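K.L.:
Any chance you can model this:
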Amino acid sequence: MSRSPCCLLLCLLVAVAGAAPPTAAIATGAATETAEPQHAYAAVDAFLLDQLETLGIPGAAIAVVRDGRQVHSAAFGKADPAGRPMSPQTPVLLASTSKSLTAIAVMQQVEAGRLRLDEPVRTYLPWFTLDDPRSPAITVRHLLHQTSGMSSRDTAFEASLSQEPEALEASVRAMAGSPLAGEPGQRFHYASANYNVLGLLVQTVANQPFGEYLQQHVFGPLGMVHSHTTAAAARQDNAAEGYARWFSTVWVRTDVPAPAAGMPSSTLYASAEDLGRELMALLDGGRYGSARVLEPGSVAAMFVPRTSVDASKGYGMGWYTRPLVESVGPAADGAAARGVPLLLEHQGEWGNSHTYLAMVPESRLGVALVINGNDTAAPSRLKAIDTNILRILHGHSPVPAVVFEDWLQQSSWAVSLGLLLAELLSLWLSLSVIFRRRFARRGRQGPLAWAAAALALDAFALWLCLVYAPARFDTDLLVIIRQFPDVGVSLVPVLGLAILWPVPRTVCLLSRVLRRAPRGVP
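P.N.:
Numbering: from 1, shown residues only. You can find the predicted model right below:
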């Protein structure tokens, strides 16, 4: 006797939902516990080479600065499928480390008197609004400190394909229909849209396209000759091509949208050495060589965390702040940890790149790391590289990574693949019922039971894709599809089947039931 397809379908869904997260670890490269700089730099290079081999990372470049000069730079791996070597001058998509450059531009306009930090955004953009009566209270400072109340999900732009110069203003205007997630100025809520609005403010008060402004007033004075505001310009400068880790297994060269609308927050390009120049300027009070991009007071204001992220972490203007616990090692007691220096840092996570910036003002140490790939299922693997570099530079050995993403993120590709298989099974069984007379011995109950089970599967798929996952990752579905490419290849057909097939399937199944109804039965 054959099993009910309802039972088969239920078993499949339970297996998908209960999938255990894969175990993950990061190998620790051998690092000499020494405070000698040259030994530390050699240990950093050995560690990065180990990580490229262990995790399969395509390429990486690093620059270390101290006391106003670059003291170390190195590059490893490949920049593209042809095997072109990465170099410290190779541009990479920055993702969220773009924000620190935009913060510099904003503070330049504050110094020029064109922007005031505590002035409402609507002073400069009278049309600016969101779908909330509290939005007129949003100030320039709120945007800089990520306390505007905007959420990433309701202001998502990352899936856009537009490369037009007008895209920045168009995306900010499109936020008029977005709700606020909280009261402006009350608490930290990270949203890249905050910095997109800041970029438009600079563009407006400077009367100059934001990309041109950055090139002229930030990149130019800092000698950042391998930094770019568009993907086209970066490609002309032999930018690294991005990779994604598909199915938590294999690295594949992957195109991910880098929209012009996200230039101020996410889609700038720069090399490791250029980012080192930015760090040198900030660590030297806004001066780089004979050029000055900011006054010391403006730099100091950028470093002040005016909002708390958690018990130990704050947020300044484009920088997270926390104690540099890597300087005392994992075995330090609480008293030692309380006396550690302040660290300013920011990571950049895109579907196909990972970047990291760190500064220790007390020792005037800065680190810039760029990787032309990302593991979206478990980005903590790459984040562990960032913190381990800090450990090595402070004379300690690296520690194993702790992969803290939940099972849904780690197994998202498996969940989406399971949904696709379930939808394909549903399609096959439905067609079998309609055209091959399955359930013939079950009378009317068979087709009706199958119609109900198939509708339940469709409802579950739509709930997971349209409601749960966007809320869980604080973004919208289109961003998930385009930024998680291995997930997207399964979700697109799943959504197609769950949206387009239920109505014709249900109609066909019901018509089959009605055709088989006994005569005289309505």
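
K.L.:
State the phi and psi torsions of Cys465.
P.N.:
phi -80, psi -40 (degrees, to the nearest 10).

K.L.:
just Leu429 next, same as before
P.N.:
Per-residue torsions, Leu429: phi -70, psi -40 (degrees, to the nearest 10).

K.L.:
so how far is Arg505 from it?
P.N.:
Here Leu429 is placed at a distance of 10 Å from Arg505 (CB to CB, to the nearest Å). Every residue, glycine included, has its C-beta placed from N, CA and C.

K.L.:
Would you mind listing the residues touching both of the two?
P.N.:
Ala454 (CB atoms under 8 Å, 6 or more residues apart in numbering).

K.L.:
Mind checking what secondary structure the residue nearest to the spatial centre of the chain has?
P.N.:
Taking CA atoms, centre = their mean, the centroid of the chain lies closest to Glu349, which sits 3.7 Å from it. Per DSSP: H, G, I helix; E, B strand; the rest coil, the secondary structure class of Glu349 is strand.

K.L.:
Test my guess that it contacts Ala378.
P.N.:
No - taking contacts as CB atoms under 8 Å, Glu349 lies outside contact range of Ala378: 11.5 Å.

K.L.:
Return the distance of the residue lying closest to Val402 once chain neighbours are set aside relative to Val252.
P.N.:
Leaving out its chain neighbours, the residue that sits closest to Val402 by CB to CB, 6 or more residues apart in numbering is Ser380, at 6.8 Å. Applying CB to CB, the value for Ser380 to Val252 is 20 Å.

K.L.:
And for the nearest residue to Val140 once chain neighbours are set aside, the neighbour number?
P.N.:
Of all residues not flanking Val140 in the chain, Leu117 sits nearest, at 5.1 Å (CB to CB, 6+ apart). Applying other CB atoms under 10 Å, we find 16 residues neighbouring Leu117.

K.L.:
Please apply the same query to Pro296.
P.N.:
Look at Pro296: counted by other CB under 10 Å, it has 12 neighbours.

K.L.:
Roughly how far does it sit from Ala174?
P.N.:
Taken as CB to CB, the span from Pro296 to Ala174 is 38 Å.

K.L.:
low-scoring stretches of the chain, by residue?
P.N.:
Within the chain, the segments meeting pLDDT under 70 span 1-36, 330-338, 436-444, 446, 515-522.

K.L.:
Now with 80, please.
P.N.:
1-36, 329-338, 433-450, 509-522 (pLDDT under 80).

K.L.:
Would you indicate which residues of stretch 244-252 are buried?
P.N.:
Ala244, Arg245, Trp246, Ser248, Trp251, Val252 (16 or more other CB atoms under 10 Å).

K.L.:
Specify which member of those residues is nearest to Ala358.
P.N.:
Using CB to CB, Arg245 comes nearest to Ala358 of those, at 23.6 Å.

K.L.:
what's the closest one in contact with, if anything?
P.N.:
Arg245 neighbours (CB under 8 Å, 6+ apart): Gly56, Trp251, Val252, Gly373, Asn374, Asp375, Thr376, Ala377.

K.L.:
what's the answer for Pro296, then?
P.N.:
Neighbours of Pro296 in contact, by CB under 8 Å, 6+ apart: Gly285, Gly286.

K.L.:
Residue numbering should commence at 202 henceforth.
P.N.:
Got it, the first residue is 202 from now on, which makes the last one we talked about Pro497.
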